[in-house]
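**Student:** Sequence plus the predicted model coming up.
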Amino acid sequence: MRAARCGNPAQSPAGDRRGGPERSTSALPLGGIGFFWHGGAMSTIKPFLKWAGGKFRLLERILPELAGAGRYVEPFAGSAAVYLNTAAPEAVVNDVNADLIALYSHIQAEGEAFMAYAATFFTPKTNTEAAFYELRARFNAATAPRERAALLLYLNKHAYNGLIRYNARGGYNVPFGRYKAPQFPRDDMRRFWERTRQGHTVFTCRDFREVFAGVRAGDVVYCDPPYAPLSATANFTSYAGNVFGPKDQEELASLARRAYSQGATVVLSNHDTPQIRALYAGADILAFDVQRFISCKGQARGRAPELLAVYRAV
């Protein structure tokens, strides 16, 4: 059974909210784990996947917190926006979605050959409702990782809002998106491929607990888990077909503290709620609002309170 992350709503910065232990990133030195910064302006690499909750629009907040020269570790990769914009010579990029990791791994291993294969699914004939549901069924029936990886890319670009969502049986179930002409993201995929060839990147498909078990002193860890819900009716805790509940949030916070105590820098994203603040009471908190772009209800596409919890190793 394969399932995927259907995590946090897409977002962009909408201003700091400060007070108490919070601080602004504006006073931070422009350094970190080798992110791409040229002449005071950040030069960023865009992910090739659509991703609900992707961090591309928050890079200017996140990257300055990733200070260090060690290995970069990301237990919840998603679209890999943060990984793409670091230049750590060694990286571990993980996600529990086997199809997603297969997609990244095939790009890394095959480059242009895999892109050519994946591009065959992007034609005017495949951008119809009938073709979409035929290819969706093919994806759900497929067992070969390479085929599933290429079809996942097709589904991401042709499905409603680009969502990656699976039902309890492990079947992809997002409806047709009715986009005029989805484009094959060749240039963005090439940039992703180039990034994977810089230094040594390992893609893994493991539970976050297993990833933390391998964290060592000097590592820089960024976590973007399924967010804690802002209310009882706004629940975004489904992750790869499994519920990421309060106990998981507590265990993640405990593992972050442990890794920090052992000499790693750990940075985590989440909703800004009293429960999350309590879990990260010992961390440096950066709070801000973000603009949501993906929601089933148009009126829900407003601002949402988020935070970064930062445990910075000395």
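**Tutor:** Nice, thanks for sending it over. The model shown is predicted, which means the values in this text are computed figures rather than measured ones. Numbering: from 1, shown residues only.
**Student:** So which residues of the chain form strands?
**Tutor:** Assigned by DSSP state E, the chain shows strands spanning 13-16, 37-38, 41-42, 72-74, 90-94, 200-204, 220-223, 238-239, 242-243, 265-271, 284-291, 303-311.
**Student:** As CSV, those with mean pLDDT would be great.
**Tutor:** As requested, the strands of the chain are exported to CSV (pLDDT from 0 to 100):
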stretch, mean pLDDT
strand 13-16, 47
strand 37-38, 39
strand 41-42, 58
strand 72-74, 98
strand 90-94, 98
strand 200-204, 98
strand 220-223, 98
strand 238-239, 46
strand 242-243, 72
strand 265-271, 98
strand 284-291, 94
strand 303-311, 95
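**Student:** Please tabulate those strands in JSON lines, including the columns distance to A213 and mean neighbour count.
**Tutor:** For every residue, glycine as well, the C-beta is placed using N, CA and C. Formatted as JSON lines, these follow (distance: least, CB to CB, whole Å; neighbours: other CB atoms under 10 Å):
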{"stretch": "strand 13-16", "distance to A213": "33", "mean neighbour count": "15"}
{"stretch": "strand 37-38", "distance to A213": "32", "mean neighbour count": "12"}
{"stretch": "strand 41-42", "distance to A213": "33", "mean neighbour count": "11"}
{"stretch": "strand 72-74", "distance to A213": "11", "mean neighbour count": "24"}
{"stretch": "strand 90-94", "distance to A213": "12", "mean neighbour count": "21"}
{"stretch": "strand 200-204", "distance to A213": "12", "mean neighbour count": "17"}
{"stretch": "strand 220-223", "distance to A213": "12", "mean neighbour count": "25"}
{"stretch": "strand 238-239", "distance to A213": "19", "mean neighbour count": "20"}
{"stretch": "strand 242-243", "distance to A213": "19", "mean neighbour count": "13"}
{"stretch": "strand 265-271", "distance to A213": "14", "mean neighbour count": "24"}
{"stretch": "strand 284-291", "distance to A213": "25", "mean neighbour count": "20"}
{"stretch": "strand 303-311", "distance to A213": "17", "mean neighbour count": "20"}
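**Student:** Distance to F122 for the ones you listed - can I get that in CSV?
**Tutor:** Shown next, in CSV, are the strands of the chain (distance: least, CB to CB, whole Å):
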stretch, distance to F122
strand 13-16, 32
strand 37-38, 33
strand 41-42, 30
strand 72-74, 28
strand 90-94, 25
strand 200-204, 23
strand 220-223, 31
strand 238-239, 28
strand 242-243, 31
strand 265-271, 32
strand 284-291, 29
strand 303-311, 33
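**Student:** The ones you listed: which one's closest to E110?
**Tutor:** strand 200-204 (13.3 Å; CB to CB).
**Student:** Could you list every helix and strand that that closest one packs against?
**Tutor:** Packing contacts for strand 200-204, counted by 3 or more CB pairs under 8 Å, 6 or more residues apart in numbering; DSSP states H and E, involve strand 90-94, helix 98-110.
**Student:** what separates the first one from the chain centre, distance-wise?
**Tutor:** Taking the mean C-alpha point of strand 90-94 and that of its whole chain, the gap between them comes to 13 Å (CA atoms, centre = their mean, to the nearest Å).
**Student:** and if you look at the last one?
**Tutor:** Taking CA atoms, centre = their mean, the mean C-alpha location of helix 98-110 is offset from the chain mean by 15 Å.
**Student:** In the lengthiest helix in the chain, which residues are buried?
**Tutor:** Counting residues, the longest helix in the chain under DSSP state H turns out to be helix 246-261. Judged by neighbour count (16 or more other CB atoms under 10 Å), helix 246-261 contains these buried residues: 248-249, 252-253, 255-257, 259-260.
**Student:** Next, the angle strand 303-311 makes with it.
**Tutor:** With axes from the mean of the first three to the mean of the last three CA atoms, to 10 degrees applied, the angle from helix 246-261 to strand 303-311 works out at 40 degrees.
**Student:** what number of residues lie near the residue lying closest to D207 once chain neighbours are set aside?
**Tutor:** Sequence neighbours aside, V96 is the residue nearest to D207 in space, at 6.4 Å (criterion: CB to CB, 6 or more residues apart in numbering). By the measure other CB atoms under 10 Å, the count of residues near V96 is 25.
**Student:** Give me the distance between V96 and L152.
**Tutor:** Using CB to CB, to the nearest Å, V96 is found at 14 Å from L152.
**Student:** go on, A118?
**Tutor:** 9 Å.
**Student:** follow-up on the earlier one: tabulate the helices and strands packed on strand 200-204 (a markdown table), appending distance to D187.
**Tutor:** Output for the helices and strands packed on strand 200-204, formatted as a markdown table (distance: least, CB to CB, whole Å):
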| stretch | distance to D187 |
| --- | --- |
| strand 90-94 | 21 |
| helix 98-110 | 13 |
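**Student:** Could you work out which of those reaches nearest to H200?
**Tutor:** H200 lies closest, by CB to CB, to one member of the helices and strands packed on strand 200-204: strand 90-94, at 5.0 Å.
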